[in-house]
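Novice: when you get a sec, could you give me coordinates for this:
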Amino acid sequence: MEFMFFFNDHICLSECVFLLSVVDLLYWRDVGKTGLVFTGLVVGLACLFQLSAISLLSNLGLGIMAFTLPVRLLFKTMDLVRLNDGSHPFQSYLDEDSTLTDETTVRVVEKIVLLIATLVKELKGLFFINSVIDSLKFVVLLYLLTYVGVKANGLTLVIAGVICAFSLPLAYRLQQFGSLGYTIMGKTADLTVVQKTIIDTLHKEGKPQTFIAKEAGCSQSAVSKHVNRKLSGRRKCGRKRCTTNRENRSLMRIVKQNPFKNLSELHKEWTEAGVKASRATTHRHVKEFGYSCRIPLVKPLLNHRQRQRRLTWAKEKKNWTVAQWSKVLFSDESKFCISFGNQGPRVWRKDGEVHSPSCLKSSVKFPQSVMIWGAMSSAGVGPLCFLKTKVTAPVYQEILEHFMLPSADQLFEDVDFIFQQDLALPTLPKAPEVG
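Specialist: Below you'll find the predicted structure:
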């Protein structure tokens, strides 16, 4: 089980190299380096059992100076007897630039602040029960830690964590390969996301492949294959597709010409044109085009003049303020179907085509239904009126007198308001006057 890291576009190369180095340490790819780090961590943590942190740091500093001071005195003595050219034994370490630029400092501080903010947010969610399940898990963890704290202190847990971090990945890998003596033959594992990122970045900078292979922790042949694959645009090997691009375009034309056909009809028309493909292949290609089988929206059948009038009205009102809209009493009557199986055909459409005219189902008449009139405003809603007859001018006038006016008195009281209606034809011949 390899570690997988996912990067944003702005993550720098140094961070990729650092993460790759950590993975190499945990998987013991360089036994000498991993052994040195692992031993140093375990010995340092074990020393904390006997010494305080201050004593440990002091002894560590004394140990370093016990080595550097005699070496420096030795070179100084060699300078006096002219056995040395006056060079400093640790000049390379002294010349190394350890200062932080403004950009690096800002990036480090931003990361620290982001980690602290994320931690505080998670703790707030756990303590103040943002998610009951997560908070219960946290309670169980705290309860178990009370027992662990009795048996061992925090330092013991840290040492155990370090040992597990350096042992479990290696043990899992050995378990996959069977034993220590197992040798992998044949093709090696694919490059990780980190390695590919390092190879692409260094290749753009013009670095040689030997240098790239060393930085990425892979062979030079792996770097060469990855670069050549990127340059040629060649995809990975696989079974050849059973249809050509021309045949796929013909299927797209069939879907566009009649999007209300079901999958069986699309497959039949496509195969009748000489294409050899299964029904599953047809379905897969249609989905690759971006189409999904949906239930179309039901909208009134509007002509061009009606659409233009609605668009003009919308443009006139697009700059209205909230205060202006709060004075409007919206009203409408609608027929609701009360029978089942009235969904009608489905339609093949892409995302964003929900209101496309070619993907709308025009509504002309309905099965069994009930007509309801209602009104609403920003202040609330009025009572519903269930209609048992067709909406004619006299019926509409009764609705306004017995339902609209009481709703307006309830919602607006003595404030002037604007009454909105859809100007349906049954209400136009004898337009009622309401004071």
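Novice: endpoints of stretch 313-321, how far apart?
Specialist: The stretch stretch 313-321 measures 15 Å between its terminal residues, going by CA to CA, to the nearest Å.
Novice: strands of the protein, start to end?
Specialist: 291-294, 298-300, 328-337, 347-350, 361-363, 369-377, 380-381, 385-387, 418-420 (DSSP state E).
Novice: mean pLDDT and distance to residue 142 for the ones you listed - can I get that in TSV?
Specialist: The C-beta positions use only the backbone N, C-alpha and C, and glycine is treated the same way. Formatted as TSV, the strands of the chain follow (pLDDT from 0 to 100; distance: least, CB to CB, whole Å):
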stretch	mean pLDDT	distance to residue 142
strand 291-294	85	46
strand 298-300	78	55
strand 328-337	83	53
strand 347-350	79	50
strand 361-363	68	57
strand 369-377	86	50
strand 380-381	88	47
strand 385-387	86	57
strand 418-420	86	58
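Novice: burial count for residue 266?
Specialist: Using other CB atoms under 10 Å, residue 266 has 22 other residues around it.
Novice: from residue 249, how far out is it?
Specialist: The spacing between residue 266 and residue 249, counted by CB to CB, to the nearest Å, is 14 Å.
Novice: residue 411 now?
Specialist: Counting by CB to CB, the gap from residue 411 to residue 249 is 57 Å.
Novice: comparing those two, which residue is more hemmed in?
Specialist: Between residue 411 and residue 249, counting by other CB under 10 Å, residue 411 is the more crowded of the two (18 against 11).
Novice: quick check: closest non-adjacent residue to the more buried one.
Specialist: Nearest residue to residue 411, sequence neighbours excluded (CB to CB, 6 or more residues apart in numbering): residue 379, at 4.4 Å.
Novice: got a list of what that neighbour touches?
Specialist: 326, 411-412 (CB atoms under 8 Å, 6 or more residues apart in numbering).
Novice: closest one to residue 26 out of these, please.
Specialist: residue 326 (62.7 Å; CB to CB).
Novice: which regions of this protein lie under the pLDDT threshold?
Specialist: 1-19, 98, 100, 172-189, 231-238, 337-345, 362-368, 423-435 (pLDDT under 70).
Novice: swap the cut-off to 50 and go again
Specialist: Along the chain, the parts satisfying pLDDT under 50 run over 1-11, 177-188, 340-343, 431-435.
Novice: which helix in it has the most residues?
Specialist: Identified as the longest helix of the chain according to DSSP state H is helix 53-80.
Novice: for it, what is the distance to the chain centroid?
Specialist: 52 Å (CA atoms, centre = their mean, to the nearest Å).
Novice: likewise stretch 276-287?
Specialist: 29 Å.
Novice: angles on the backbone of the residue lying closest to residue 326 once chain neighbours are set aside, please.
Specialist: Residue nearest to residue 326 in three dimensions, not counting chain neighbours: residue 378, with 4.1 Å by CB to CB, 6+ apart. Main-chain dihedrals, residue 378, degrees, to the nearest 10: phi -70, psi -20.
Novice: pretty sure residue 378 is touching residue 324, no?
Specialist: No. Judged on CB atoms under 8 Å, residue 378 makes no contact with residue 324 at a distance of 10.5 Å.
Novice: contact partners for the closest residue to residue 159 other than its chain neighbours?
Specialist: Spatial nearest neighbour of residue 159, chain neighbours left out: residue 45 (4.8 Å); criterion: CB to CB, 6+ apart. Taking CB under 8 Å, 6+ apart, we find residue 45 in contact with 155, 158-159, 162.
Novice: same deal with residue 279?
Specialist: 263-264, 267.
Novice: now swap in residue 294 and tell me
Specialist: Counted by CB under 8 Å, 6+ apart, residue 294 has contacts 346-349, 354, 359.
Novice: okay, these in CSV with distance to residue 124 and neighbour count next?
Specialist: Below are the contacts of residue 294 laid out as CSV (distance: CB to CB, whole Å; neighbours: other CB atoms under 10 Å):
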residue, distance to residue 124, neighbour count
346, 46, 17
347, 46, 24
348, 46, 24
349, 43, 21
354, 39, 13
359, 45, 17
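Novice: columns distance to residue 205 on top of those, output as a markdown table?
Specialist: A markdown table is the format used below for these (distance: CB to CB, whole Å):
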| residue | distance to residue 205 |
| --- | --- |
| 346 | 53 |
| 347 | 51 |
| 348 | 47 |
| 349 | 46 |
| 354 | 47 |
| 359 | 49 |
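Novice: re the thing from before, where's the residue nearest to residue 159 relative to residue 356, distance?
Specialist: 65 Å.
Novice: buried residues in the longest helix of the chain?
Specialist: Residues of helix 53-80 classed as buried: residue 75 (neighbour count, 16 or more other CB atoms under 10 Å).
Novice: which strands or helices does that helix pack on?
Specialist: Judged by 3 or more CB pairs under 8 Å, 6 or more residues apart in numbering; DSSP states H and E, helix 53-80 is in contact with helix 31-50.
Novice: export the helix it packs on to PDB, keeping only CA atoms.
Specialist: In PDB, the C-alpha atoms belonging to helix 31-50 read as follows (Å, rounded to 0.1, in the frame of the first residue of the first chain):
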ATOM      1  CA  VAL A  31      18.300   1.400   4.600                       C
ATOM      2  CA  GLY A  32      21.200   3.500   5.900                       C
ATOM      3  CA  LYS A  33      19.400   6.800   6.000                       C
ATOM      4  CA  THR A  34      16.200   5.300   7.400                       C
ATOM      5  CA  GLY A  35      18.100   3.400  10.100                       C
ATOM      6  CA  LEU A  36      19.900   6.600  11.200                       C
ATOM      7  CA  VAL A  37      16.600   8.600  11.400                       C
ATOM      8  CA  PHE A  38      14.700   5.700  13.100                       C
ATOM      9  CA  THR A  39      17.500   5.100  15.600                       C
ATOM     10  CA  GLY A  40      17.900   8.800  16.400                       C
ATOM     11  CA  LEU A  41      14.200   9.200  17.000                       C
ATOM     12  CA  VAL A  42      13.900   6.200  19.300                       C
ATOM     13  CA  VAL A  43      17.100   6.900  21.300                       C
ATOM     14  CA  GLY A  44      16.200  10.600  21.600                       C
ATOM     15  CA  LEU A  45      12.700   9.800  22.900                       C
ATOM     16  CA  ALA A  46      14.000   7.100  25.200                       C
ATOM     17  CA  CYS A  47      16.400   9.600  26.700                       C
ATOM     18  CA  LEU A  48      13.500  11.800  27.700                       C
ATOM     19  CA  PHE A  49      12.500   9.100  30.200                       C
ATOM     20  CA  GLN A  50      15.700   9.700  32.200                       C
END
